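Participant: prediction below, plus the sequence it came from.
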Amino acid sequence: MKLGAFSVSLSVKDIKVSKQFYESLGFEVFGGDIEKNYLIMKNQDSIIGLFQGMFEGNLLTFNPGWNSNAEQLEEFDDVREIQHHLKENGVTLIQETDPNTSGPASITLLDPDGNAILIDQHV
């Protein structure tokens with residue numbers, strides 16, 4: 001299964017403080033909009049998302065169809081294919097997408113320890 005680009009999405013209390021902290025670790029703003037309370041930051045191939053007031057807890061995030069530079073891949077496993085595979089293998093999803101659609105969509109699941117995983121396709 002091809003899950004695409006990987007990042008950690010962090011729920012932060014103060015996005016400006018978090019931005020400054022991660023810049024001190026060598027991360028640079030790669031995308032997002034601080035005025036809309038979210039930033040995507042990158043240090044080489046490491047990607048983190050900073051999100052203020054958008055969700056609780058942190059998420060492991062995969063983006064089918066994207067590489068680590070948010071460039072569209074020619075070949076990738078669509079999120080609906082991933083959803084079908086997971087359900088066939090007994091994985092419980094806490095958010096599903098309509099299997100009869102195409103394009104951008106997302107699903108959410110929990111690993112055995114309760115860590116949230118977001119599979120978020122933008123293409």
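Facilitator: Sure, I can see it. Please read all numbers here as calculations on a predicted model, not as lab measurements. Numbering: from 1, shown residues only.

Participant: quick one: pLDDT of G4?
Facilitator: pLDDT for G4: 95.

Participant: what do you get for N100?
Facilitator: Reading off the model, N100 has pLDDT 97.

Participant: specify the local secondary structure of it.
Facilitator: coil (DSSP: H, G, I helix; E, B strand; the rest coil).

Participant: quick one, strands of the chain?
Facilitator: In chain order, the chain shows strands spanning 5-12, 28-33, 38-43, 46-52, 59-63, 93-95, 105-110, 116-121, with DSSP state E as the criterion.

Participant: might one say that I94 is in contact with S106?
Facilitator: No - because the distance of 11.4 Å does not satisfy C-beta atoms under 8 Å, I94 is recorded as not touching S106. Where you see a C-beta, it was placed from the backbone N, CA and C, and this is true even at glycine.

Participant: so which of these two has more stuff around it?
Facilitator: The residue with the greater number of neighbours, taking I94 and S106 and applying other C-beta atoms under 10 Å, is S106; the counts read 18 against 10.

Participant: check contacts around that one.
Facilitator: Taking C-beta atoms under 8 Å, 6 or more residues apart in numbering as the criterion, S106 is in contact with V79, Q95, T97, L118, I119, D120, Q121.
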